[in-house]
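> Give me a model of this one.
(chains A and B)
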Amino acid sequence: GAGVSQSPSNKVTEKGKDVELRCDPISGHTALYWYRQRLGQGLEFLIYFQGNSAPDKSGLPSDRFSAERTGESVSTLTIQRTQQEDSAVYLCASSPDRDYGYTFGSGTRLTVV
Amino acid sequence: TQLLEQSPQFLSIQEGENLTVYCNSSSVFSSLQWYRQEPGEGPVLLVTVVTGGEVKKLKRLTFQFGDARKDSSLHITAAQPGDTGLYLCAGVPGYSTLTFGKGTMLLVSP
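Residues are numbered from 1 along each chain as shown, chains lettered A, B, ... in the order given. All right, here's what the predicted structure looks like:
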């Protein structure tokens, strides 16, 4: 596709359940970021993938959060045993190179009830 | 401590007014990016500035990168309601990750 695609667009889950969020980056983009944005807040860095290098996981808030990316394709962000404070919009962005501008998806709005 | 400080946090103006928003840091950036985010959407890239002192114009928007590559500004001339949104600056300090400021929320009323 022409842009970054994220699915689902909305997810409501019960506290304690696991969720998996998906990001399809633009073809050929080697750099991929996941961010979290709470209501009325800025973007909080979660994890960064660059090509086949080891990902930078320094932004993951707890060991309940994990992410994978196979090569330069799809990435999934998994949150285990969800908590209410995990409620936020999760944004994915990709770029041809780390210093280029990024194209964002529309995000997944996660609500934990 | 916020690496990129944006000011003001919120700006409410009338259509036709001019405005400037700022993005400041004590760190040097190889480049800075400006994004605009509308409700329910992801941020959209407006511009990337790379060279110290660089000025880029995008219609009514003028972006400037400081000579020392530590700060940037966005000036909007004759603001329109369609300019309403959250303006975010972002950059990669050194070999770190893409970091965002908290943004300036702009509201332009007709």
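> Can you tell me the SS state at the most centrally placed residue in chain A?
Per C-alpha atoms, centre = their mean, the C-alpha nearest to the average position across chain A is that of A:Trp34, at 3.4 Å. Recorded secondary structure, A:Trp34: strand (DSSP: H, G, I helix; E, B strand; the rest coil).
> partners of it in the sheet?
Here A:Trp34 sits in beta bridges with A:Ile47, A:Cys92, going by DSSP bridges.
> pretty sure it is touching A:Val89, no?
No. Using C-beta atoms under 8 Å, A:Trp34 makes no contact with A:Val89, being 11.4 Å away. Quick note: C-beta positions are derived from backbone N, CA and C, even for glycine.
> Near chain A, which residues of chain B? Just list them.
With C-beta under 8 Å from any C-beta of the partner chain as the criterion, chain B meets chain A at residues B:30-31, B:33, B:35, B:40-45, B:47-48, B:88, B:90, B:92, B:97-103.
> Just the buried residues of these.
B:31, B:33, B:35, B:42-45, B:47-48, B:88, B:90, B:92, B:97-103 (16 or more other C-beta atoms under 10 Å in any protein chain shown).
> show me where chain B has strands.
Applying DSSP state E to chain B gives strands spanning B:5-7, B:10-14, B:19-24, B:29-37, B:44-49, B:55-58, B:61-65, B:71-76, B:85-93, B:99-100, B:104-109.
> residues touching residue 44, list them.
Picking chain A for this. A:Tyr35, A:Arg36, A:Gln37, A:Arg38, A:Gly59 (C-beta atoms under 8 Å, 6 or more residues apart in numbering or on different chains).
> could you do chain B instead?
Counting by C-beta under 8 Å, 6+ apart, the residues that B:Val44 touches are A:Phe104, B:Tyr35, B:Arg36, B:Gln37, B:Glu38.
> repeat for B:Arg36
With contact set as C-beta under 8 Å, 6+ apart, B:Arg36 has these partners: B:Pro43, B:Val44, B:Leu46, B:Gly85, B:Leu86, B:Tyr87, B:Leu88.
> cool, A:Ala93 as well?
A:Ala93 makes contact with A:Val4, A:Leu32, A:Tyr33, A:Tyr35, A:Tyr102, A:Thr103, A:Phe104, A:Gly105, B:Gly42, B:Pro43, according to C-beta under 8 Å, 6+ apart.
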